[in-house]
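[1] let's see this in three dimensions:
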Amino acid sequence: MPVPLPDDVKTLLDAQVFVHVATLNPDGSPQNSAVWVERHGDEILFSTADGRIKPRNLSADDRVALSFTDPENPYRAISIQGRAVSVEKNGTGLIDRLAKKYLGEEKYPWLRPGEERIDVTISADRVSG
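    Now for the predicted structure:
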């Protein structure tokens, strides 16, 4: 059952915080990587590329764990368990907005020719920290 994000967690997610996303590989082992995020209400979005492990893992098992630390207080860690409620090819809109947020660039500078971007939307089931 989705839960709302606390206001202080929303504030952190709206900043340039680097979020570690863990998904489950087919053998049940965790796969973890850092991503840029954007928040829409109580949902957390990140972008990845078609063909990468995260979208493959999420298509088989939508469970995900996110973690990050408060940039102002590295002893405060936030953990979010949830589900990918959407994994869709939506062009470069999200990755371009994330490039603006994290790099100050209008466009994502590392887009490869022919690369298709996938937007992942996460809904939280549990928030701690």
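[2] return the set of buried residues in the helix ranked longest in the chain.
    Longest helix in the chain by number of residues (criterion: DSSP state H): helix 93-103. Going by neighbour count (16 or more other Cβ atoms under 10 Å), the buried part of helix 93-103 is 94, 95, 96, 97, 98, 99. Bear in mind the C-beta positions are built from the backbone N, C-alpha and C, glycine included.
[3] could you point out which element follows that helix?
    In the C-terminal direction, the helix or strand that comes right after helix 93-103 (DSSP states H and E) is strand 117-128.
[4] direction included, what does that following strand pair up with?
    Sheet neighbours of strand 117-128, with direction, are listed as strand 43-49 (antiparallel), strand 73-89 (antiparallel) (DSSP bridges).
[5] relative to the whole chain's centre, how far out is the shortest one?
    Here the centre of strand 43-49 is set off from its chain's centre by 4 Å, with Cα atoms, centre = their mean, to the nearest Å.
[6] CA atoms only: put that strand into PDB for me.
    The C-alpha atoms that make up strand 43-49 are tabulated as PDB, following Å, rounded to 0.1, in the frame of the first residue of the first chain:
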ATOM      1  CA  GLU A  43       6.300   9.600  -6.500                       C
ATOM      2  CA  ILE A  44      10.000   9.400  -7.300                       C
ATOM      3  CA  LEU A  45      11.200   9.300 -10.900                       C
ATOM      4  CA  PHE A  46      14.600   8.400 -12.400                       C
ATOM      5  CA  SER A  47      15.800   7.800 -15.900                       C
ATOM      6  CA  THR A  48      17.700   4.900 -17.300                       C
ATOM      7  CA  ALA A  49      18.500   3.600 -20.800                       C
END
